[in-house]
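>>> Structure here, sequence nowhere to be found:
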């Protein structure tokens, strides 16, 4: 090796989790080396959340402009310029990627090494001609799309999220395999930009979400003309002169065929760890990724693994939280805990769906008695002003209401409205704690204290008794009755 580096911590992978770990380590005074074989920011920046959300932003603007006459605004016929949409996505990635510039990381005390990392032994990682001998290694290698084993899929020239944002080709009919959040987001975005889209999945739509909230998303997608074939079995995929044909068995309709021009695979991801030489490092792994203990330490005492490299939901904020938690464990022996338990899941569809903690089904399976509280968007003044009153906030608590077990939102700004419930769950709070929350007016966030206080109808200014929760309504009646009897 031409060069040997001896940092305190070597982070393998420059995605969100790796960057968070490197920054936390440098901030704690450790000498840090970060290894990344591609662009800093990882797949999230170039083939994940950043370009997908930029695409959704374009689709949402187009959808909003189509509703402009409802707001008294009229204009010329709308047109979609796909190259300009692609430029918008690239500009968003460049703007966010500037935050991860090597020069900026160097100023933070993080040395960046470009190349593919591979363990030579338990104590040393080789990157091209550079040897890195660190006190601790953190593997944040991320994941790659998992291709399902479907008959004929290899002949259909499928593409994944790596190519989903290359809008130089305009699919006349996109067939999306998979019905998770990312699959539905892409299907809706393409459909709103003027392309036909059909979702095909052996599982239900949004299987990770509360079924009641997921149904609201599915209803909207179908209303927008997106085909959804869920709970089906794909029997054959074949190339045709004009595109491709997917044959499937639908429990409701029997054997059917769907013709399309392109197929996008969005059925899941798998850890991208094969090239790391884990065996040489004494690091155990399996189909779900690297094996770790409760502090995210691998079978090599020097090495930890986080994010998509291990089993768990593929969420950016989960990887970031785990990266910071591991550094605290290394530097100060603070137990890692369960960072993923406090990370919300969000589908950025329209309506959006956000969820934290247990769904209603999970709560009923794990607790003898629960209470479910809902508040509709209808009646919220901001939602009515913006013609966006189709939504609901749903909260699951213990029977006494002293602790929130889970919460979900389906509707506009769901990803923002879930925040107070995430805070409550992380701190073991009940609905009563949210009754003291005073939101600005007029906003959708006014629904949060209204739900907590039991004011779930009409305008917020009518009938709201701040600080008095519906969960204690029976006790209030008893106290009031006792007061009357005492004169």
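In hand now; what should we look at? None of the values given here were measured: they were computed from a predicted structure.
>>> tell me which element residue 258 falls in.
Assessed by DSSP states H and E, residue 258 sits inside strand 254-260.
>>> strands paired with whichever strand or helix holds residue 410, and their directions?
Assessed by DSSP H and E, residue 410 sits inside strand 404-411. Sheet pairing for strand 404-411, assigned by DSSP bridges, gives strand 352-357 (antiparallel), strand 392-398 (antiparallel).
>>> Remind me what the helix or strand just after the shortest one packs against, helices and strands.
Towards the C-terminus, the helix or strand next in line after strand 352-357, according to DSSP H and E, is helix 360-366. When contacts are defined as 3 or more C-beta pairs under 8 Å, 6 or more residues apart in numbering; DSSP states H and E, helix 360-366 packs onto helix 211-223, strand 370-376, strand 392-398, strand 404-411. To be clear about C-beta, it is placed using only N, CA and C from the backbone, and glycine gets the same treatment.
>>> will you turn the ones you listed into TSV that also has distance to residue 454?
Listed next are these as TSV, based on distance: least, C-beta to C-beta, whole Å:
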stretch	distance to residue 454
helix 211-223	20
strand 370-376	9
strand 392-398	12
strand 404-411	15
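>>> burial measure for residue 193, as a count.
18 (other C-beta atoms under 10 Å).
>>> dump the residue contacts of it.
58, 59, 62, 80, 82, 85 (C-beta atoms under 8 Å, 6 or more residues apart in numbering).
>>> Buried subset of the residues you listed, written for PyMOL?
A single PyMOL command selects the buried members of those (16 or more other C-beta atoms under 10 Å):
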select buried, resi 58+59+62+82+85
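>>> out of the contacts of residue 193, who's nearest residue 402?
residue 59 (42.0 Å; C-beta to C-beta).
>>> List the contacts of residue 258.
Going by C-beta under 8 Å, 6+ apart, the list of residues near residue 258 reads 175, 198, 200, 227, 229, 245, 246, 248.
>>> right, I mislabeled it, should have said residue 407
Applying C-beta under 8 Å, 6+ apart to residue 407 gives the contacts 355, 356, 357, 393, 394, 395, 396, 418, 421, 422, 424, 425.
>>> quick one: the last one from residue 211, how far?
The one in question is residue 425. The span separating residue 425 from residue 211 equals 20 Å under the rule C-beta to C-beta, to the nearest Å.
>>> Following element in sequence after the strand holding residue 258, please.
strand 262-265.
>>> what's the offset of that next one from the middle of its chain?
Between the centre of strand 262-265 and the centre of its chain there are 21 Å (C-alpha atoms, centre = their mean, to the nearest Å).
>>> For that strand, name the packing helices and strands.
Using 3+ C-beta pairs under 8 Å, 6+ apart, the elements in contact with strand 262-265 are strand 173-177, strand 243-250.
>>> Pick the most deeply packed of those.
Stretch with highest mean neighbour count among the helices and strands packed on strand 262-265: strand 173-177 (a mean of 25; mean count of other C-beta atoms under 10 Å).
>>> any idea of the angle it forms with strand 254-260?
Using axes from the mean of the first three to the mean of the last three C-alpha atoms, to 10 degrees, the inter-axis angle of strand 173-177 relative to strand 254-260 is 130 degrees.
>>> Now do strand 173-177: everything it contacts.
Residues contacting strand 173-177 (C-beta under 8 Å, 6+ apart): 148, 150, 158, 183, 186-187, 190, 195-201, 234, 243-244, 246, 258-267.
>>> Find the one among the helices and strands packed on helix 360-366 with the highest mean neighbour count.
Scoring the helices and strands packed on helix 360-366 by mean count of other C-beta under 10 Å, the most buried comes out as strand 404-411, with a mean of 27.
>>> picking up where we left off before, and of the strands paired with strand 404-411, who's closest to residue 8?
With respect to residue 8, and counting by C-beta to C-beta, the nearest of those is strand 352-357 at 34.6 Å.
>>> can you give me the angle the closest one makes with helix 211-223?
170 degrees.
>>> Determine how far strand 352-357 lies from the middle of the whole chain.
9 Å.
>>> what comes up buried for that strand?
Buried residues in strand 352-357 (16+ other C-beta under 10 Å): 352, 353, 354, 355, 356, 357.
>>> repeat for stretch 53-60
54, 55, 56, 57, 58, 59, 60.
>>> distance of residue 288 from residue 270?
8 Å.
>>> Could you do residue 38 as well?
Counting by C-beta to C-beta, the gap from residue 38 to residue 270 is 18 Å.
>>> and what of residue 314?
10 Å.
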